[in-house]
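Asker: A structural model of the following input is requested.
(chains A and B)
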Number of protein chains: 2
Amino acid sequence: MAEALKVGVAGLGTVGTSVVQLLEKHGTQIARKTGRAVTVTAVSARSRTKDRGIDVSIFDWFSDPVEMAKQADIDIFVELIGGDTGAAEDSVRAALARGVHVVTANKALLARHGVDLAEVAEENNACLNYEAAVAGGIPIVKTLRESMTGNDVSRVYGILNGTCNYILTRMEADGISFEDCLADAQRLGYAEADPTFDIEGNDTAHKLAILTSLAFGTRISSDNIYMEGITSIATADIQAADELGFRIKLLGVAQRTETGIEQRVHPTMVPKSSAIARIDGVLNAVAVDGDFVGEIVLVGPGAGGNATASSVVADIGDIARGDKTLVLGMPAADLKPYERARMRLHEGGYYIRLSVFDRPGAFAEIARCMGDAGISLESIVQKRQALEEVQAKHDTDQPQPVILITYETTEVAIKEALDVIMSKGVVAEEPQMIRIEKLN
Amino acid sequence: MAEALKVGVAGLGTVGTSVVQLLEKHGTQIARKTGRAVTVTAVSARSRTKDRGIDVSIFDWFSDPVEMAKQADIDIFVELIGGDTGAAEDSVRAALARGVHVVTANKALLARHGVDLAEVAEENNACLNYEAAVAGGIPIVKTLRESMTGNDVSRVYGILNGTCNYILTRMEADGISFEDCLADAQRLGYAEADPTFDIEGNDTAHKLAILTSLAFGTRISSDNIYMEGITSIATADIQAADELGFRIKLLGVAQRTETGIEQRVHPTMVPKSSAIARIDGVLNAVAVDGDFVGEIVLVGPGAGGNATASSVVADIGDIARGDKTLVLGMPAADLKPYERARMRLHEGGYYIRLSVFDRPGAFAEIARCMGDAGISLESIVQKRQALEEVQAKHDTDQPQPVILITYETTEVAIKEALDVIMSKGVVAEEPQMIRIEKLN
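Answerer: Okay, here's the model as predicted:
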């Protein structure tokens, strides 16, 4: 057997600690499977003395990860520091520059500097593996980089953020508000104290940017992502979705269109019968549509120390075997520029929830506005029960919820129609609009 | 770029034709992704003149695949002949023996000769890739061989036969009998004229034998698989499952137990809330439980020319990149012997459907027999409606369906209890027994 592969781990949080434990626990098996023993020889973290359940005294210690990347006697640098600049970026560049392979779970870093880092890796004949950066324990990076070799991908989409999916699942299951679910998620450790990055869609967008590049062979373009979070989702939407045969999921979707590639992150109505609709709680799922394979869907844990460590170690294993898949699935120089499809040209069905004043002609006005914009309606649902309650109170001026489901139309048509409706004074508040995703 | 990789395709049925078309259609992209052009240079099939929609005249023609494996100027031999002996086996051995890489979709060959062929491949420094042999377009072989490097797998299971899943799905959706569904499946081309191999579970067993070896690092042991097909499933079972919160799926399950590894193929009650329960029609799904990753589930098309070709080409792509994963995930010599867990020691819950004579004491007799065998009942359902109909006809001796759901017990206890119940003369026919799988 070849000489042992020496690994340096930078960042000893939950994932880093789990990586060290995994390599220790399954060391024999990993050597058997890859043909090389894999040993942690160096670590770097903020505190040397913190109790993590592992003995760090047996490793070379570096208080500065960049120093470790530059100096340590290692073959693989495992970056688990996080952040798209600073120590994470500097250490990864330093490692690659001297031909040390890098394994990272850092989606922000890849989303921002992925192409650039791929070039550095190629120049130095080093691997840059990042299975853990997208959807935690799910092998979606490998699937796109290797298993899709013979496919032209038309769409990749998924539930890429466990926090949002937990909140949406709880809202539906327990009929409670977004705010209450978020508080619960924070209490259970499924959401950060500052959850903005998750609930506004940024985290999903970072992962989507990477998937887009892998799926379509384009340069990563994380600034060109249409993004809507889940904060506007009301229990009324969750209930209406249920009644209409849908569930609401925060999806990241990258899709080839005639005018370019759409990259979008937004709450989405998905048919209850679809595989993606059944993904509950903190699970993640990613689907890929290829011209030869059809659709495949991968489901699993999107976060957590052990699941993420599993992907980190799979990446290390590939290096140990000598596999040399290109960072973004092809030479960085061959990646095409990302051509953005304009969101206003997006085509699809729409769910619209309006709060309509219960006056004669209001309904007709709304229907006319949609018709004038060339939008056909698949269904109109007025909440009769609510109406009866209101009539019992003799308060007919109280606005009534009305749900519209449109046939396929364009984003620009919907937006224009809603603007006109707003201008007519027939609705009491900003309309809610949720896109419907066409799924098998 | 390195010299083009020369591929010989043996077998030009649906899959073989699709492989040739795919390599032609996506040739540029494959070269970019793998660093090598991939060209079909030789083919072998029964008829040279049959119209397949591809021009075979541009390839070297071999009427004998073994001759092609021995003589053709190729780097990769793609075996799509089928069968576990004869030309398929001989040609694969011949190719490997001279160091030509092999890509195959042949589950029967792998299930029977996999370890032996792995040894030949290793001796000759050749790859033997077979993603398409298990679950068609789903990258489960790669996931187990590469992505699970850091996991101790406790169970792998799945829906591995599209024909059976189509039949079970239709039986539930349309309330029609097994026989009618099978006839429909045959008419639609989802079932063979002789469907025995599918509906009795052999096809699932072949795939399971391969998955077991990959998941547990054991020698393939396709003769040691407990196997029950779906022919005994009645609409009464489908209905009862639905009412009790289950769906019936034909699963292949390999599971580590205290006494060894269970390999079993049988109709299974799965909770409706589980991911596997939602897999409808001809789709396949495979789930893997690992100690670090938790559970991941892969869903996709299990058959079809294009989906299968996608996996064949992914395997070719890995070879083009120079990746050299070991055939069974570790050196064949390191594989442990397969230790069979005895089916009689299988532990789980059971669904039992009895046809009980409606006589005083019959119920008590059954309950006592179960109790005597140490089996606790989670629920007993008697079909009241049926009973009323019967009473209206004053025909109280007509047997009544009674459904029992047991708590976890052993196979041997259930079998003994059912034997005793049979001997008491309280039931009118052989009991139906379906195992319940514990799922997340």
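Asker: Quick one: name the residues of the stretch 201-350 of chain A near chain B.
Answerer: Selection of the stretch 201-350 of chain A residues close to chain B by C-beta under 8 Å from any C-beta of the partner chain yields A:217, A:275, A:278, A:290-301, A:304, A:306-307, A:309-314, A:316-318, A:321-326, A:329-331, A:334. The C-beta positions use only the backbone N, C-alpha and C, and glycine is treated the same way.
Asker: Pull out the buried members of those residues.
Answerer: A:217, A:275, A:278, A:290, A:292-301, A:304, A:306-307, A:309-314, A:316-318, A:321, A:323, A:325-326, A:329-330 (16 or more other C-beta atoms under 10 Å in any protein chain shown).
Asker: Now, these that are in helices?
Answerer: A:Asn306, A:Ala307, A:Ala309, A:Ser310, A:Ser311, A:Val312, A:Val313, A:Ala314, A:Ile316, A:Gly317, A:Asp318, A:Arg321 (DSSP state H).
Asker: ok, the last one - contacts?
Answerer: What it means is A:Arg321. Contact analysis of A:Arg321 by C-beta atoms under 8 Å, 6 or more residues apart in numbering or on different chains lists A:Thr34, A:Gly35, A:Arg36, B:Glu146, B:Asp323, B:Lys324, B:Thr325.
Asker: Give me the pLDDT value at the nearest residue to the third one once chain neighbours are set aside.
Answerer: Across the structure, with C-beta to C-beta, 6 or more residues apart in numbering or on different chains as the measure, the residue nearest A:Arg36 apart from its sequence neighbours is A:Ala320 (4.3 Å). According to the prediction, A:Ala320 has pLDDT 97.
Asker: where's A:Ala320 relative to B:Gly201, distance?
Answerer: Applying C-beta to C-beta, to the nearest Å, the value for A:Ala320 to B:Gly201 is 37 Å.
Asker: The two: which is more packed in?
Answerer: Counted by other C-beta atoms under 10 Å in any protein chain shown, A:Ala320 and B:Gly201 do not tie: B:Gly201 has more neighbours, with 28 against 25.
Asker: which residues does that one contact?
Answerer: Counting by C-beta under 8 Å, 6+ apart, B:Gly201 touches B:Asn161, B:Cys164, B:Met227, B:Glu228, B:Gly229, B:Ile230, B:Leu250, B:Gly252, B:Val265, B:His266.
Asker: Adding pLDDT and distance to A:Val78, write those out as a markdown table.
Answerer: Output for these, formatted as a markdown table (pLDDT from 0 to 100; distance: C-beta to C-beta, whole Å):
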| residue | pLDDT | distance to A:Val78 |
| --- | --- | --- |
| B:Asn161 | 97 | 40 |
| B:Cys164 | 97 | 43 |
| B:Met227 | 97 | 44 |
| B:Glu228 | 98 | 46 |
| B:Gly229 | 98 | 48 |
| B:Ile230 | 98 | 47 |
| B:Leu250 | 98 | 42 |
| B:Gly252 | 98 | 36 |
| B:Val265 | 98 | 40 |
| B:His266 | 98 | 43 |
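Asker: Point out the ones among those that are inside strands.
Answerer: B:Met227, B:Leu250, B:Gly252, B:Val265, B:His266 (DSSP state E).
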